[in-house]
Each structure stands twice: as structure tokens, then as C-alpha cells.
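Visitor: Sequence unavailable; structure follows:
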């Protein structure tokens, strides 16, 4: 394809602008990758990566050293990291040739090649919309792969047949399609399908990174899930694939099977203000929780007659699903902090309390730790909204739970024990097993509403101790 150009201006940081206009070394220096794509879409431009053609790494290094510290990132990759005096960090790279020499994402031999043709350098990128480059001197977008047309058509298309050399690109396609609402090109889907057998080459951490991008940045997460389904890669995530075809009661789920419901729920989640305003890690936890919330239905669903009607039921699916969710997360070596957050949301997503008592709310907050009732309300709301053609509205019971927990100051955290060991020592209870048991009993009483402040707690424990033989107060 011939080179296409488009007049376009990207506002560069002053220090980067100064670098690029400082020397003839940067005469053929182009902004590459996602920054160009994002600018054309009107999105914030973040990662600013520069590729310099026609220059050796030593010449680029010498030109950059005037502006700050220069660190080389792997000689074979030809990447220099410039930390300017203002603390900004930019990557400068020599274009390279990649050749597949072994399995996996690391099975490439990368050779810096300053003389490579611009078109050949762009063709090694994964998708055409990521193969765009920006000439800061002429204020032009350079397109040798048809990325401009694909971006306009909202189409996800591979840059070249070299796409099949790196299986990670399939998962990149999953999250990129969801982030930018792109329809995959049929030939690209076929290429993804042709390398289904290479999934095992991927490091689990790389798989997790792509799921995290999907979970924290998606505009329509269902698109990426359909992408995996259409190219056969959903089978590599058996906890998700098993939801396909699992029936649901049409009265409550007119939208179809469990997988279809899950797609609608994921799209509903990213539309909630709770998700949109959350930090990145919380967005990941919330979207993964709604992705996995009904995975327990795959083994608990059955038909039975209730009130003279044939019904589809899935008793206990929420508790089973918590275990399935943990299996999914462990399959990609998820850190313990996230492992602790997602399963409790899955396990409690059926906690639809019509008129929740204070006791029930306190206990729910404890069961969710380290997650919050506010997060659970988001999961329950997305669950209810993912059932078209039923109205996509937040159920009244969710609003009640959110308001009551906020009144009790428990929407963001669980109740903390009022009575502590330091309060028991002056009463003659020494540290040890007996103290631990007494503190546990006190916390149960607190959750049950027996006391709500320290004075009441001390009165409760004095009465409790008056009925305990002295020998039982010491370990």
C-alpha cells in the first residue's frame, strides 16, 4: 500500500519539542504507537515513544545526553530511555527487524536496523491503527498500512502476516477492540484462529496484563469477549467458555444464556459512575467480579418444578462461583491483593436485602472484606442491568442497601472492633487464648447490635466476666 499522509497536529511537551528540533539526528524522528492513534481519536495522549530512522544508536545517545540522563534498555532492542531535567521520561528507539526464533513472546531475535524502510518498520506492528506514525516537523500523520481508513471505519485489522508470530497479539486485539469499540476484520479473526495452539507459549503474567487492560480501560467490554469467542480463544479460559449455552429462566433472564447475560453485565458495569470514577485497580476488581459473577451457574443450573411451573434454577451458584473466580485468577498468577478482592464480590452478589437490618449490613460488610458494600452495589446493579429487554435500571433494593450502609458509615469499609485487648488487661484478662476467645465473642455481640460504643462494650464485658470463673480468664 502506498504511503498516505494526513495533516494533523499533536501538542508535544516543551522539553520533547526541544529535543526533536535540536539536531539533524532527529530529522527522521517520528512519534509512533498508541499516542498517534489516541490523538486522532481525541483521547488523552500519554505514552510518547519516538522512533529515529537513519541514525546509529551512538549518535542518538550523544544528541540526547544534552537534555538529561540516557539509559540503554537492552542492546538488542535498540531502545534509549531519556529522563529530562524536568523529570519527564521518553523512549527513543532505532527501528528493528524481528525474526521468530523460538516459542513464546520472548522467542524473537530483534536486530536494530537504522536503514530499514519506513514501511517495513510499520509492518512489524500488531494492528494497522497502531502502525501510524507522526512527523513532528511537518505536522503529518504517516500511514503505510491503511490505519487511517481502519480507524475511520472502527475496524481492527492486522498490519501484516507477521501477526501470527506473536500469540500475545490475539489478547491485545481483545482489549484494544473493547477499548476503542472496533469490529475485527474477518481475515484477522482467521489468523487468530490459526494460532490457537500457541496460547501455551504465553507467560501467565503477559496474559494477565492484557486482561487488566481490558478490565480497566474498556468502553464496551463485550466486544473483546465476542472477539475471543469468534476466534476460538475463549476456550483457553474454560471458566468463561463454560458459560456458553447454559440456560436461564426466561422470566428473569429474557436476554438468553449465561454468557450473553455476562456480556450485557460487563457493558453495564463500565457505564456506572462507581466504575468510571474508581482508581485503576478498583476498576479491574469490579469488571472481573461482574465477568465472573455467574460462573457458578455452569455446575449448579438445573430444571425443577416450582408452584406448578417448570423453572430453571441455580441454587448456591454465588458461593460456587467464588471458587471458580479464584481458579480463573490463579490461572494467570494474579497477585494476592486482587485475589482477595474479587471472590467476595462474587460470593455475595445475591445479597438482595429488601429491608436490611443493621445486623445484616454489619455482617455483610465483614464478609466482603477487603471489598466494600459500595463495590458490591455496583456489581448487583450491573447484574440487574444486564437483562435486556428488561429496563436497565438500578434495583430499589440496591439503592436501599447503599443508603443504609452509608448512614451506618459502612459503605466503604467493614466495622472495626470496639473492644480490644488493651481494654481487657485492666479487667484482669491476660493476653492469650482466653483473651482471643473473649474478643471474638465481643465482636459477635457488636455485630449483633448488643453495644455500639466503648462504654457499652465495657459494661457488656464486665457482666460477661462476672459469670466467668477466674481460672478461665488466663491462658
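Guide: That came through, no problem. Since we're looking at a predicted model, the values are computed, not measured.

Visitor: Could you use CA atoms for every contact and neighbour count after this?
Guide: Fine.

Visitor: Which parts of this protein are strands?
Guide: Assigned by DSSP state E, the strands in the chain fall at 4-7, 29-32, 49-52, 68-73, 79-84, 89-93, 96-100, 108-112, 133-135, 140-143, 155-156, 183-184, 302-306, 309-313.

Visitor: which one of those strands lies closest to residue 392?
Guide: Evaluated over the strands of the chain, closeness to residue 392 peaks at strand 309-313, with 22.2 Å, by Cα to Cα.

Visitor: tell me the mean pLDDT for that closest one?
Guide: Across strand 309-313, pLDDT averages out at 93.

Visitor: Flag every buried residue along it.
Guide: 311-313 (16 or more other Cα atoms under 10 Å).

Visitor: With stretch 426-436 instead?
Guide: Burial within stretch 426-436, assessed by neighbour count using 16+ other Cα under 10 Å, is assigned to 429-430, 435.

Visitor: who are the neighbours in contact with the nearest residue to residue 47 once chain neighbours are set aside?
Guide: Distance criterion Cα to Cα, 6 or more residues apart in numbering; nearest residue to residue 47, sequence neighbours excluded, is residue 35 at 6.1 Å. For residue 35, the contacting residues are 45-49, by Cα atoms under 8 Å, 6 or more residues apart in numbering.

Visitor: Can you tell me how far residue 35 is from residue 11?
Guide: 11 Å (Cα to Cα, to the nearest Å).

Visitor: Residue 142 contacts residue 5, correct?
Guide: Yes: if you go by Cα atoms under 8 Å, residue 142 and residue 5 touch, sitting 4.8 Å apart.

Visitor: Looking at these two, which one has more neighbours?
Guide: Between residue 142 and residue 5, residue 142 has the larger neighbour count (other Cα atoms under 10 Å), namely 27 against 17.

Visitor: That one pairs with what?
Guide: Here residue 142 sits in beta bridges with residue 5, residue 133, as judged by DSSP bridges.

Visitor: ok, residue 411 to residue 437 distance?
Guide: 28 Å.

Visitor: higher neighbour count, the two?
Guide: Using other Cα under 10 Å as the criterion, residue 411 and residue 437 rank with residue 411 on top: 23 against 11.

Visitor: So the more buried one is in contact with residue 398, correct?
Guide: No: with contact defined as Cα under 8 Å, residue 411 does not count as touching residue 398 (11.9 Å).

Visitor: returning to that earlier point: for PyMOL, write the select line for the buried members of the contacts of residue 35.
Guide: To isolate the buried subset of the contacts of residue 35 in PyMOL, counting by 16+ other Cα under 10 Å, use the following:
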select buried, resi 45+47+48+49
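
Visitor: wait, doesn't residue 322 sit right on residue 347?
Guide: Yes: counting by Cα under 8 Å, residue 347 is a contact partner of residue 322 at 5.1 Å.

Visitor: Common neighbours of these two, please.
Guide: With Cα under 8 Å, 6+ apart as the test, residue 322 and residue 347 both reach residue 293.

Visitor: Please name the residues that touch residue 45.
Guide: 35-36, 38-39.

Visitor: do the same with residue 92
Guide: Residue 92 makes contact with 49-52, 79-82, according to Cα under 8 Å, 6+ apart.

Visitor: Can you lay out the residues you listed as JSON lines showing pLDDT and distance to residue 453?
Guide: Converted to JSON lines, these look like this (pLDDT from 0 to 100; distance: Cα to Cα, whole Å):
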{"residue": "49", "pLDDT": "94", "distance to residue 453": "57"}
{"residue": "50", "pLDDT": "97", "distance to residue 453": "60"}
{"residue": "51", "pLDDT": "96", "distance to residue 453": "64"}
{"residue": "52", "pLDDT": "97", "distance to residue 453": "67"}
{"residue": "79", "pLDDT": "91", "distance to residue 453": "60"}
{"residue": "80", "pLDDT": "94", "distance to residue 453": "60"}
{"residue": "81", "pLDDT": "95", "distance to residue 453": "56"}
{"residue": "82", "pLDDT": "96", "distance to residue 453": "57"}
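
Visitor: Show the buried residues in the residues you listed.
Guide: 49-52, 79-82.

Visitor: Just name the closest of the residues you listed to residue 181, please.
Guide: Closest to residue 181, out of all of those and judged by Cα to Cα, is residue 49, at 23.9 Å.

Visitor: Please name the nearest non-neighbouring residue to the closest one.
Guide: residue 91 (5.0 Å).

Visitor: just for the stretch 101-250 of the chain, where's the confidence low?
Guide: 101-110 (pLDDT under 70).

Visitor: could you redo the last one with a cut-off of 90?
Guide: For the stretch 101-250 of the chain, residues meeting the criterion pLDDT under 90 lie at 101-115.

Visitor: about what we covered before: which stretch among the strands of the chain comes nearest residue 59?
Guide: Between residue 59 and these, the shortest separation by Cα to Cα is 10.6 Å, and it involves strand 49-52.

Visitor: Just give the strands next to that closest one in its sheet, each with its orientation.
Guide: strand 29-32 (antiparallel), strand 89-93 (parallel).

Visitor: tell me the helices in the stretch 351-475 of the chain, going along the chain?
Guide: 358-368, 373-385, 396-407, 421-424, 433-447, 454-466 (DSSP state H, counting those that start in this stretch).

Visitor: how many degrees apart are the third one and helix 373-385 in direction?
Guide: With axes from the mean of the first three to the mean of the last three Cα atoms, to 10 degrees applied, the angle from helix 396-407 to helix 373-385 works out at 170 degrees.

Visitor: For residue 255, see how far away the nearest residue to residue 315 once chain neighbours are set aside is.
Guide: If the residues on either side of it in the chain are set aside, residue 315 comes closest to residue 300, at 6.3 Å by Cα to Cα, 6+ apart. With distances taken as Cα to Cα, residue 300 is found 19 Å from residue 255.

Visitor: ok, now residue 233?
Guide: Using Cα to Cα, residue 233 is found at 24 Å from residue 255.

Visitor: The two: which is more packed in?
Guide: Using other Cα under 10 Å, the more surrounded residue of residue 233 and residue 255 is residue 233, with 23 against 19.

Visitor: didn't the more buried one look like it was pressed against residue 193?
Guide: Yes: contact criterion Cα under 8 Å: residue 233 and residue 193 qualify, at 7.4 Å.

Visitor: returning to that earlier point: would you convert the helices of the stretch 351-475 of the chain into CSV that also reports mean pLDDT and distance to residue 174?
Guide: Converted to CSV, the helices of the stretch 351-475 of the chain look like this (pLDDT from 0 to 100; distance: least, Cα to Cα, whole Å):
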stretch, mean pLDDT, distance to residue 174
helix 358-368, 93, 30
helix 373-385, 97, 21
helix 396-407, 93, 32
helix 421-424, 94, 52
helix 433-447, 92, 44
helix 454-466, 92, 53
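
Visitor: Single out the most deeply packed of those.
Guide: helix 373-385 (a mean of 26; mean count of other Cα atoms under 10 Å).

Visitor: starting at the chain centroid, how far to that one?
Guide: When C-alpha coordinates are averaged (Cα atoms, centre = their mean, to the nearest Å), helix 373-385 and its chain have centres 17 Å apart.

Visitor: Likewise for stretch 260-273?
Guide: Distance, centroid of stretch 260-273 to centroid of chain: 14 Å (Cα atoms, centre = their mean).

Visitor: Local confidence estimate at residue 74?
Guide: Here the pLDDT value assigned to residue 74 is 63.

Visitor: ok so, going back, okay, the strands paired with strand 49-52 in CSV with distance to residue 419 next?
Guide: Output for the strands paired with strand 49-52, formatted as CSV (distance: least, Cα to Cα, whole Å):
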stretch, distance to residue 419
strand 29-32, 59
strand 89-93, 50
